[in-house]
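# model this:
(chains A and B)
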Amino acid sequence: MGATQTTPVREASRSGLQDVLARVPRWAWWTISIAIAAGFPLLNLAGVVETAWLRVGVVSLIFVLLSLGLNIVMGETGLLNLGYIAFFAFGSYTTALLSSPKFEIRWPFLAVVVVSTLVAMVAGFLISLPTLRLRGDYLAIVTLAFGEIVRLTIINLVPLTNGPNGVTGIYSPRLFADAKPALEGVQAWFIIDKPIEYYYLVLVCVIVLAVLLTNLKNSRVGRAWNALREDELAAISSGITAVRAKMLSVVLSAGIAGFAGALFAYYSNVISPESFLFMQSVIVVCMVVLGGMGSIPGVILGAIVLQALPQLIREAAGAARSDFEVYRMLIYGILIVVMVIFRPEGLLPDKIFRREAHEVDPRELEMTRQSLFDLEEGQKDLEV
Amino acid sequence: MSFDHIMSVTIGGLTVGMIYALIALGYTMVYGVLKFINFAHGEVFTVGGYVAAFTLLALGIDQNSPWTLVAGAVALALLAAVLVPMALGFVIERIAYRPLRGRSRIIPLLSAIGVSIVLQQLIIIIFGPKPVTIPTLAISSAAVSFFGVNIRVLALVIIAVSAALMIGLTYLVKSTRIGKAMRATSQDMEAAEMMGIDTNRTIAFTFLVGSALAGIGGLLVVMYYGSLKYDAGFLYGLKAFTSAVLGGIGNIPGAVVGAIVLGMTETYGVSVDLGFLAWFVVAGLALGLYVQMVKAPQRRLAHIADERRTAEYERSIMNVYRLAPYHGIKTLLAERTDALLSVSAAHGVRLMAGNVFLAVVAAVMFANASMRIDTRWQPVIAFAVLMVILMFRPSGILGEAVTEKV
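Predicted coordinates for the structure are as follows:
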C-alpha cells in the first residue's frame, strides 16, 4: 500500500534495498514484529537473557501504549500536549489508591483498570473544555502548566498521595474478585506478579490497541482528525465539528494514558511523583516525533528505540544511573532538533503526514526567491 | 497586617517581578517577530547565571575583598553574563530555528524544547549537577532602612537596573533604525523584506538583545539568592512566559506589567493572610460586576443598528445582563430567534457565573481570614495564573501587539 502511493520524487531516490523492503507486505511486517515481541520472553525462559531485560521490555511496552495514546492528539489531530504524563499520573494514582494498603482497598483488576481509565478520561474532558479553543502553541503551554499543577498537587496533597514518598505496596492484579476458599489453588493462577506475566499482559494490550487505533485511523473519525490537522478552516467548512472531534481525541488519548498508568502502577508496585516529571512528557513526545507523527508502526518503533535501546545498552555497559540519564536526555534533545529539521515525518512516516511536513520546503522557498531577484536584475539591465 | 510586613512583601514581589520581566522581554520580542515561543530562553538565562557565578568564583573574591576588586569582578561577571548568552542565542537561532521558518507552529516549538533539553544536560555535564553557590559579598547582605523597614540594597539595585534596561529597550525599539526594522519585521516579514530590511539580521539581533537581558537576569538572580540550580531556567522561563502572556505577548510594556503582577501575586499569595488577600478578590468582583452591569450591555448595544435600537430592545438587552440568571436563562430556554439577544443571554450568564464564583471565593477566604496559603503551593500559583489567563483572556491585560486572532 505504501509502495504504490508514494510521491514520484521519493520513488526516484529509493535505493535497491529500500525497494525490496517496500515490497514486503504490511501483514508480514506485523507478523514478524509480533513474533519477535512474543518470542522475546522465551529467550528468558531458556536462560539466554536476564530477567532485567524482561523488565526493560515491560516498561518499554507501557511506553508504547503511552506513545500510541499521545499519537492520537499529537500525530493524528495535530495538538501538541506537553502535559500528557499527567493523565498517566491520574491512572497510576487511581490504581494505587484502589488497590493498595493505603486505604485498605483491593478492587479486582478489571474494575480498577476501568475506573483508572475513566478518571483519566474525565480529567481529559475537563481540561479540554476551556482549552481547545486555543491555537497550537498556547495549547502546548497550557497542557504543560496542567501537567505541572497535577504533579505539584500530588506532591502537596500528602493525606491522599503520601506526597513525595509515593504510594507503596500496590497489590498484584487479580483477574477476578475473591473466589471461594475452595478455589484458592485456581485463584493463584489468576494472579499476575511475575515479569513474564506482566510482559504478555501488556503485549496483548498493545496489540489490541494498535489494531483498534489502525481501524480508527481509517474511519470517519480518524479522517476528521487528519483533516483538522492539515487545515482546520477547510475541515470545518467541510462539515467537521472541530470541537467535538478534538475533544474526542483528547479524551481518548487521556484514557489510553490512564490505562497505561494503571498497568504501570500494578507493575512497579510503588509510584511516586518522580515518575511524572515534565521530562517524561517530553520523552513520550520524542518517541512520537522519532517514529513518525500519525504513523502507528512508527510510533511503536519510536517508543521501543528510545526506551528499550538505551536501557539495554545501560544493562550491557553497567553504567551508573545518573550519568546515564544525563547523556540519554542530551541525545533525546539533539534527536528532536535533528528530526524536526531533517526528517519531520519520522522514521516510519505516515504518508499523509509526510506530504504535509514537506509542504513548505525552505530550499524551494530560497529558489523562488533567487529567481525573483534574477528577474529584477534583468529588469535593471533593460533599463540601463 | 502591619505596614512593615506589607512594605517588605511589596519590595520582594517587585524584585522578583523585575527579574521575570528581564526574561519575559526575550520571550515577548521573539514572539512579536517570529510568532514562536522560544522555549529554550529559560536555559539561556540559567547559562547567564552559571557563567556569572563561575566568573566570580574564578576571580576568588569573598566577603573581605576590597570593594574596588568586587566591583571589577562583578563588572567582568556582567560582561560574561551578557556575551555568552548572546553568542548562545545567536547560535541557537541559526541552527535550530532558522531552518524551520515558515513551518506550522508546533514544529519550531518542538525544536525549541529539544534545544532546551540539550542546554540543560550540557550545563549538568559541564558544571556538574550540584547548584552553583557564590561566596557572600558585602553588597549581597547590605541593607538600608526605609521608613523603619530593612530592605536589601541588592533588591533596590535589581529594580533600578531592570527599570533602566527596560527604558533603554523601549528607546531601542521605538526610536532607532534597527528598532524600526524589528517592528516592521514583526508586522509583515515579506513586506519588510521588500522594503530592503534584512529580516534575518533583524531576527538575529532580536535574539541577541533578548539573550543579553536574560543573561543579566541570571547574574542578578545569582547575586540575590547566592545560588542557582541547573534546572532553575525551566521554572523561571515558564514564569517569565506567563508574565509575557499575562501582559499580552508581543507587547513590550505588557511584559513588564505582567511580570510585576505575577511577582506580586506570587509573593503576596503566600506571605499574607487570606483575610487580606480576600480584598483583592473583592476588588476583582467589583470590576466584574461593573463589566456585567455597565460595560458589557453598552458594548452589546453598540453592535445594534440604529433602526432596531428601540427602547424595548435596549431594555431586553439590559435585562439579560443585569438580571442574568433569570432573564438570561429564560431567553436561552425560549430559543429566541434573535441571534443577538441569545448571544447576550449566554454572555450574561457566563459573566454572572464568574462573579458568583468570585463572591464564593471571597466568602471562603473571609471565613478563613487568619489562615495562609502554604509556601509549598507557591510554584502552583504561577501555573494557575498561566492557565487562567490563557483560558479566559489569551490576549493578556494590555492586549497583544500582534494583531492576530487567538
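# What is the burial count for B:G233?
Counted by other CB atoms under 10 Å in any protein chain shown, the residues lying close to B:G233 total 29. Placement of C-beta: from N, CA and C, glycine included.
# meant to ask about A:G57
Here the neighbour count serves as a burial measure; for A:G57 (other CB under 10 Å) it reads 26.
# Which other helices and strands does the helix or strand where it lies contact?
Take DSSP states H and E as the rule and A:G57 turns out to sit in helix A:51-71. With contacts defined as 3 or more CB pairs under 8 Å, 6 or more residues apart in numbering or on different chains; DSSP states H and E, the secondary structure elements packing on helix A:51-71 are helix A:26-45, helix A:195-217, helix A:242-268, helix A:278-291, helix A:296-317.
# what's the angle from it to helix A:26-45?
For helix A:51-71 against helix A:26-45, the angle between stretch directions is 150 degrees (axes from the mean of the first three to the mean of the last three CA atoms, to 10 degrees).
# May I see the buried residues of helix A:51-71?
Taking 16 or more other CB atoms under 10 Å in any protein chain shown as the basis for neighbour counts, the residues of helix A:51-71 that come out buried are A:53-71.
# just to revisit the earlier point, how about the helices and strands packed on helix A:51-71, which one is nearest chain B?
Each of the helices and strands packed on helix A:51-71 was checked against chain B via CB to the nearest CB, and the shortest separation belongs to helix A:278-291, namely 6.1 Å.
# What mean pLDDT does the closest one get?
Taken as a whole, helix A:278-291 carries a mean pLDDT of 91.
# now swap in stretch B:392-401 and tell me
The average pLDDT within stretch B:392-401 is 73.
# Residues in contact with that stretch: which ones?
By CB atoms under 8 Å, 6 or more residues apart in numbering or on different chains, the list of residues contacting stretch B:392-401 from outside reads A:130, A:134, A:138, B:32, B:186, B:245-254, B:257-258, B:261, B:389, B:406.
# Going along the chain, name the helices of the stretch 301-406 of chain B.
Taking DSSP state H, counting those that start in this stretch as the criterion, the stretch 301-406 of chain B contains helices spanning B:311-322, B:329-333, B:339-367, B:378-392.
# got it, and the stretch 51-200 of chain A?
Counting by DSSP H, counting those that start in this stretch, one finds helices in the stretch 51-200 of chain A at the ranges A:51-71, A:85-98, A:109-131, A:136-156, A:158-161, A:184-189, A:195-217.
# tell me the most buried of those helices?
Among the helices of the stretch 51-200 of chain A, helix A:85-98 has the highest mean neighbour count (mean count of other CB atoms under 10 Å in any protein chain shown), at a mean of 29.
# List the residues that contact B:E190.
Contacts of B:E190 were listed using CB under 8 Å, 6+ apart, and none were found.
# low-scoring stretches of the chain, by residue?
In the absence of a named chain, this looks at chain A. Counting by pLDDT under 70, chain A contains low-confidence residues at A:1-15, A:175-190, A:318-322, A:356-384.
# To clarify, I was referring to chain B.
Counting by pLDDT under 70, the low-confidence segments of chain B come to B:1, B:335-337, B:400-406.
# Next, name the residue at the spatial heart of it.
When chain B is reduced to its mean C-alpha position, the nearest residue by CA atoms, centre = their mean turns out to be B:S243, at 1.0 Å.
# That residue should be in a helix, yeah?
Yes: secondary structure of B:S243 (DSSP: H, G, I helix; E, B strand; the rest coil): part of a helix.
# my guess is it meets B:M18, correct?
No: between B:S243 and B:M18 there is no contact, the gap being 10.5 Å when judged by CB atoms under 8 Å.
# Stretch A:48-68: how far from the chain's middle?
The gap between where stretch A:48-68 is centred and where its chain is centred comes out at 14 Å by CA atoms, centre = their mean, to the nearest Å.
# got the CA positions of that stretch in PDB?
Written as PDB, here are the backbone C-alpha positions of stretch A:48-68 (Å, rounded to 0.1, in the frame of the first residue of the first chain):
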ATOM      1  CA  VAL A  48      19.700 -16.700  27.200                       C
ATOM      2  CA  VAL A  49      18.700 -13.200  28.500                       C
ATOM      3  CA  GLU A  50      18.500 -12.000  32.100                       C
ATOM      4  CA  THR A  51      15.200 -11.100  33.800                       C
ATOM      5  CA  ALA A  52      16.300  -7.500  33.900                       C
ATOM      6  CA  TRP A  53      15.900  -7.400  30.200                       C
ATOM      7  CA  LEU A  54      12.400  -8.600  30.500                       C
ATOM      8  CA  ARG A  55      11.700  -5.800  33.000                       C
ATOM      9  CA  VAL A  56      13.000  -3.300  30.400                       C
ATOM     10  CA  GLY A  57      10.600  -4.900  27.900                       C
ATOM     11  CA  VAL A  58       7.600  -4.400  30.200                       C
ATOM     12  CA  VAL A  59       8.400  -0.700  30.700                       C
ATOM     13  CA  SER A  60       9.000  -0.300  27.000                       C
ATOM     14  CA  LEU A  61       5.700  -1.800  26.200                       C
ATOM     15  CA  ILE A  62       4.000   0.500  28.700                       C
ATOM     16  CA  PHE A  63       5.700   3.400  26.900                       C
ATOM     17  CA  VAL A  64       4.500   2.000  23.600                       C
ATOM     18  CA  LEU A  65       0.900   2.300  25.000                       C
ATOM     19  CA  LEU A  66       1.600   5.900  26.100                       C
ATOM     20  CA  SER A  67       3.100   7.000  22.800                       C
ATOM     21  CA  LEU A  68       0.200   5.400  20.900                       C
END
